[in-house]
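J.: coordinates only, sequence not included:
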């Protein structure tokens, strides 16, 4: 399929941050064949789209999510012990392959509507998540979670590793879905399992590892009490800190730990909105990036961060770093957009394929309508995106040259059915919540 998009403002997000005013982009067979400014080439038989001055930029990359947890969004929001009071009991009772598929479809629908084209997920029954990502047309890294708190899809770590092996076998060679192993966190796995994951990873090159790391004060206490170390130092003793590790959160870091993450080639998924909402403070993103650690912008799960579009994360990412630095200068808007695209792709090891609009890369791109009054006047397009744009400004979405959304209509998922199925599951949750509260 040949597509030509013309009359657009094109942000390539390449190394030079090249922008093409009155730009055009030629897509052939799912790959970017050419792009530039001025008069577009004559391409007989191509689908020609006049963008009318709208913005074309790379699709956004969400490097940390729990997609199926859309079904937990807003549940027990102001209850301090909601994890143990509601979430874990409901997960053990209701999380099935079918529920995971329903919640993941709702997440995929939301992300497409918000311009997210790639996502890294870690949860249970991850083969179902992979199937949903495939059906939706998105690109994804799907991680089988390993944990010791009686998760719904494995009762032992041996069973968890077996599930991971099945996941790798099922999606090996898939053009858009990458299988992954996902030890939940240091405190929920322990040193023996993390060492086993590190060894397993050596035997499975190219398979990413995902893990929550240095996220909570209780994690700091656990590592100090049991090993006399901080989380990053403890993780390093297991051999798990190496290229291919996606470390989510990394909120509690000192300078030596930042340097260690850089030395080991670890990527970080930054969850500003989720961290702030939980009162966990501000991650040292500016210091991480200065040290050479790639940092992508992530949503976390919808139970924690509520929204799954990256546009809602942009302003907190910038403002938190400005607050930490006591100045307007930290985290310029253009750097936020880099984090949401090419840097997120680097975190997931996909930067050779996606993250910028350059010849030879996959045609993962979005079109943003610039007509909203709140966007004008535009002195700095990056500032407009970070501080004024909303998810509803995303008009079209493409992955590998295939349209997933046109004129705000998602083409790969049945919107009404997706929402209807999710609300049906939510009703069973409501009944269970009432029973839990009545038993207290």
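T.: Sure, I can see it. Everything numeric in this text was worked out from a predicted model, so none of it was measured. Residues are numbered from 1 along each chain as shown.
J.: C-alpha only now, for contacts and for neighbours.
T.: OK.
J.: okay, how far is it across stretch 24-43, tip to tip?
T.: 12 Å (CA to CA, to the nearest Å).
J.: can you offset everything so residue one is 12?
T.: That works, and once the first residue is 12, the last one we named lands at stretch 35-54.
J.: buried residues in that stretch?
T.: By neighbour count, and taking 16 or more other CA atoms under 10 Å as the criterion, the buried residues in stretch 35-54 are 35-39, 41-48, 51.
J.: what does it contact?
T.: Contacts with stretch 35-54, where a contact means CA atoms under 8 Å, 6 or more residues apart in numbering, come from 12-19, 21, 31-34, 368-374, 410-413.
J.: Farthest-apart pair in the buried residues of stretch 35-54, please.
T.: Between any two of the buried residues of stretch 35-54, the greatest separation by CA to CA is 20.8 Å, found for 41 and 48.
J.: any idea what residue 223 is structurally, helix, strand or coil?
T.: Assigned by DSSP: H, G, I helix; E, B strand; the rest coil, the conformation of residue 223 is strand.
J.: Residue 415: which element?
T.: Secondary structure from DSSP states H and E places residue 415 in strand 413-417.
J.: Note down every partner strand of that strand and its orientation.
T.: For strand 413-417, sheet partners with direction are given as strand 405-410 (antiparallel), strand 420-421 (antiparallel), following DSSP bridges.
J.: Secondary structure element holding residue 370?
T.: In the assignment (DSSP H and E), residue 370 maps to no helix and no strand.
J.: Just to check, residue 324 is in contact with residue 307?
T.: No - proximity of residue 324 to residue 307 does not meet the contact threshold set by CA atoms under 8 Å, at 11.1 Å.
J.: Low-confidence ranges, the stretch 12-161 of the chain, go.
T.: Regions of the stretch 12-161 of the chain meeting the criterion pLDDT under 70 are absent.
J.: which stretches of the stretch 62-211 of the chain form strands?
T.: 66-69, 71-76, 127-134, 150-157, 188-194 (DSSP state E, counting those that start in this stretch).
J.: what's the second one packed up against?
T.: Here strand 71-76 is seen to pack against strand 127-134, strand 306-308, helix 355-358 when contacts are counted using 3 or more CA pairs under 8 Å, 6 or more residues apart in numbering; DSSP states H and E.
J.: So which of those is nearest residue 436?
T.: With distances scored as CA to CA, the stretch of the helices and strands packed on strand 71-76 nearest to residue 436 is strand 127-134 (17.5 Å).
J.: The closest one pairs with which strands, and in what direction?
T.: Each strand pairing with strand 127-134, determined using DSSP bridges, is listed with its direction: strand 71-76 (parallel), strand 150-157 (parallel).
J.: quick one on the thing from earlier: so for residue 324 and residue 307, which sits in the more crowded spot?
T.: Per other CA atoms under 10 Å, whichever of residue 324 and residue 307 has more neighbours is residue 307, with 31 against 24.
J.: quick one: that one from residue 389, how far?
T.: From residue 307 over to residue 389 the distance is 25 Å, taken as CA to CA.
J.: do residue 157 as well
T.: As defined by CA to CA, residue 157 lies at a distance of 47 Å from residue 389.
J.: Tell me which of the two has more neighbours.
T.: In this comparison of residue 157 against residue 389, neighbours counted by other CA under 10 Å, the higher total goes to residue 157 at 33 against 12.
J.: dump the residue contacts of the closest residue in space to that one that isn't next to it in sequence.
T.: Nearest residue to residue 157, sequence neighbours excluded (CA to CA, 6 or more residues apart in numbering): residue 194, at 4.6 Å. Neighbouring residues of residue 194 by CA under 8 Å, 6+ apart: 155, 156, 157, 158, 200, 205, 208, 220, 221, 222.
J.: how does it look with 6 Å?
T.: 156, 157, 222 (CA atoms under 6 Å, 6 or more residues apart in numbering).
J.: so can I have TSV of those residues showing distance to residue 184?
T.: Shown next, in TSV, are these (distance: CA to CA, whole Å):
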residue	distance to residue 184
156	21
157	23
222	23
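J.: And these, which is closest to residue 247?
T.: Taking CA to CA as the measure, residue 222 is the one of the contacts of residue 194 closest to residue 247, at 13.0 Å.
J.: what sits against the closest one?
T.: 193, 194, 195, 196, 258.
J.: where does it land on pLDDT?
T.: Model confidence at residue 222, given as pLDDT, is 98.
J.: which residues pair with it across the strands?
T.: Residues found in beta-bridge contact with residue 222 (criterion: DSSP bridges) are residue 258.
J.: if we can go back for a sec, now the helices and strands packed on strand 71-76 in TSV, with distance to residue 82?
T.: Supplementary listing: the helices and strands packed on strand 71-76 in TSV, determined by distance: least, CA to CA, whole Å:
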stretch	distance to residue 82
strand 127-134	13
strand 306-308	22
helix 355-358	25
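J.: Quick one: closest of the ones you listed to residue 282.
T.: Using CA to CA as the criterion, the shortest distance between residue 282 and the helices and strands packed on strand 71-76 is 6.4 Å, found for strand 306-308.
J.: got a list of contacts for the closest one?
T.: Defining contact as CA under 6 Å, 6+ apart, one finds that strand 306-308 is touched by 279, 280, 281, 350, 351, 354, 355.
J.: Stretch 396-405 too?
T.: Surrounding stretch 396-405, the residues in contact under the criterion CA under 6 Å, 6+ apart are 125, 126, 325, 326, 378, 379, 380, 386.
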